[in-house]
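Participant: Fold the following and give me the result.
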Amino acid sequence: MNKTQIGTKESQLYNMPYEIVIGLEVHLQLNTKSKVFCGCSTDFGSAPNTQTCPVCLGFPGNLPVLNRRALELGAKVAIALNCQIAKKIKFDRKNYFYPDLPKDYQISQFDHPLAHHGKLAIITGETEKNIRIRRVHLEEDTGKLFHQKDSSLIDFNRCGIPLLEIVSEPDMNSPEEAYLYLTALKSILEYLDVSDCNMEEGSLRCDANISLRNKGDKELGTKTEIKNMNSFKGVRLALEYEAKRQADLLKKGQRIIGQRIIQETMLYNTEKGITEPMRSKEEAHDYRYFPEPDLVPFDFEESLLNDIEKNIPELPEPKKNRFIKDYLLSNYDAAIMASDKNTANYFERCAVLYGNPKTITNWIMGDISAYIKDNNVSIKDLNLKPEHLSSMLKMIDSGIITGKIAKTLLMDVIQTGKDPEKLVKEKGLEQISDIGLLEVAIGSVTAENPKSVEDFKKGKDNAIMFLVGKVMQKTKGRANPNKVSEILREKLKGAK
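Facilitator: Just a heads-up that it's a prediction; the model follows:
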């Protein structure tokens, strides 16, 4: 998206005399069967407090044991993000108290994280921009609070689920760039199959740090951290609001008591569309980090890292480049096809079965994409198999059905899962190419639309398209439009 495509709120942000500075902290629950330091299940949706043990509840005398699978998945993400894996890795105790943290500390990583110094490219307009990754580290998740009118309940099932934190540098300069970064990151994570990335279930969460400074300044302004954003769109909206709020305070010079930017943690109120103060912002010293005494520091075996790197699949960017080379797609079409793993697999299967990549992308990005968006489903969940779409496109090419009929047929296949060739025969949807039948329909249409007939005779060529459309309506989209146009022109020219 370039600046000319950005909405009103975003345009106002670009016209501010300040530069927006954004850094993101993404928390990702990893796809493991057991928790990061114990053997409890990580299945979502179980009855509250049924997936706990003395280790994840922090009972005295119980020792944590690192989940090897969680470590491997974390390294997989770090390598895909072009990070350097640390030579020495250790865990630390992050000391703070929340009701959903039963140990009163969280096992995390401080000065020796899993990985550091990575990067992720985003495309803004026609420009590629690298967002630096400061660090990637492993930690355990906390529980979950359920607030009621007069009380709060705690479910500790989530305690101890392996959590990967991906921290960017403050390299994003607009809410739109933050949105693009999250979209690109999620695409990579889904390709790696390290998490289901479900924000509604809490397996992907994001905190945003934002500050403003005068354009041209190098020193960062006072930042706030925003939490409670349950969608990428929500992140963008929260950042837009917070940027505007901070700009309004800066314009007042921060001279009025109570009207200044304070370093604090904010919650995003989705109903009101505003940010609200939650608590003062903690710094590293507030957490009183010290080495976790029950987990010794360790090094990665080079052979293990090599095995992990070998098993990393083709990621969105190289896949996009291959689509451009192998299927002659435009950069835009290739980027859309490669952005989602399921879409990419679907496209490639259709390309093998049908063989016209551009036509396939048009259908996927058009009617199919609209259905997916309207019904909030994934392309892999559709009844429309690649074999179905390919068969339907072949029927269009061979003249068995028209493009208009194909759009109706598409919905029938999605809803029933039936073979499109069988549906065409069952519903009598074959294209009408018989001259006699077409002439009957054309005769009826010309009799009903004398003005359009006269317009064509007077040299208004567009009138023929109107008449063809009427014939298509009368035949319920089954008439061969090329033959209809040909017959109409011959008939009307002869009647001049």
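Participant: and the helix or strand that contains residue 307, what does it pack onto?
Facilitator: Per DSSP states H and E: residue 307 is located in helix 302-310. Here helix 302-310 is seen to pack against helix 68-80 when contacts are counted using 3 or more Cβ pairs under 8 Å, 6 or more residues apart in numbering; DSSP states H and E. Where C-beta positions appear, they are placed from N, C-alpha and C, glycine not excepted.
Participant: Excluding sequence neighbours, find me the nearest residue to residue 132.
Facilitator: Distances taken as Cβ to Cβ, 6 or more residues apart in numbering place residue 169 nearest to residue 132, at 4.0 Å, with adjacent residues excluded.
Participant: Could I get the contacting residues of the one you found?
Facilitator: With contacts defined as Cβ atoms under 8 Å, 6 or more residues apart in numbering, residue 169 is in contact with 23, 131-134.
Participant: make it 10 Å
Facilitator: Residue 169 sits next to 21, 23-24, 117-119, 130-135 when contact means Cβ atoms under 10 Å, 6 or more residues apart in numbering.
Participant: if I look at the residue at minimal distance from the centre of the chain, how far off is residue 408?
Facilitator: Centroid-nearest residue in the chain: residue 183, 4.6 Å away (criterion: Cα atoms, centre = their mean). Here the criterion is Cβ to Cβ, to the nearest Å. By it, residue 183 lies 33 Å from residue 408.
Participant: Run through the residues that contact residue 327.
Facilitator: Counting by Cβ under 10 Å, 6+ apart, residue 327 touches 333-334, 337, 347-348, 351, 355-358, 360-361.
Participant: biggest separation within these, which pair?
Facilitator: Spatial extent of those (Cβ to Cβ) is set by the pair 334 and 355 at 17.1 Å.
Participant: More neighbours: which of the two?
Facilitator: Neighbours were counted for residue 334 and for residue 355 using other Cβ atoms under 10 Å; residue 334 has more, 25 against 13.
Participant: Is it correct that that one falls within a helix?
Facilitator: Yes: per DSSP: H, G, I helix; E, B strand; the rest coil, residue 334 lies within a helix segment.
Participant: My understanding was that it contacts residue 321; is that so?
Facilitator: Yes: the pair residue 334 / residue 321 is scored as a contact, 7.6 Å apart, by Cβ atoms under 10 Å.
Participant: What separates the first and last residues of stretch 289-296, distance-wise?
Facilitator: Distance between the two ends of stretch 289-296: 15 Å, counting by Cα to Cα, to the nearest Å.
Participant: hang on, the earlier thing: could you identify the least confident member of the contacts of residue 327?
Facilitator: In this model, the minimum pLDDT among the contacts of residue 327 belongs to residue 355 (88).
Participant: Go ahead and confirm that residue touches residue 393.
Facilitator: Yes: counting by Cβ under 10 Å, residue 355 does reach residue 393; the two are 9.3 Å apart.
Participant: And residue 148, what's its pLDDT?
Facilitator: Model confidence at residue 148, given as pLDDT, is 87.
Participant: residues in contact with residue 167?
Facilitator: Residue 167 neighbours (Cβ under 10 Å, 6+ apart): 23-27, 113, 116, 133-137, 207, 209.
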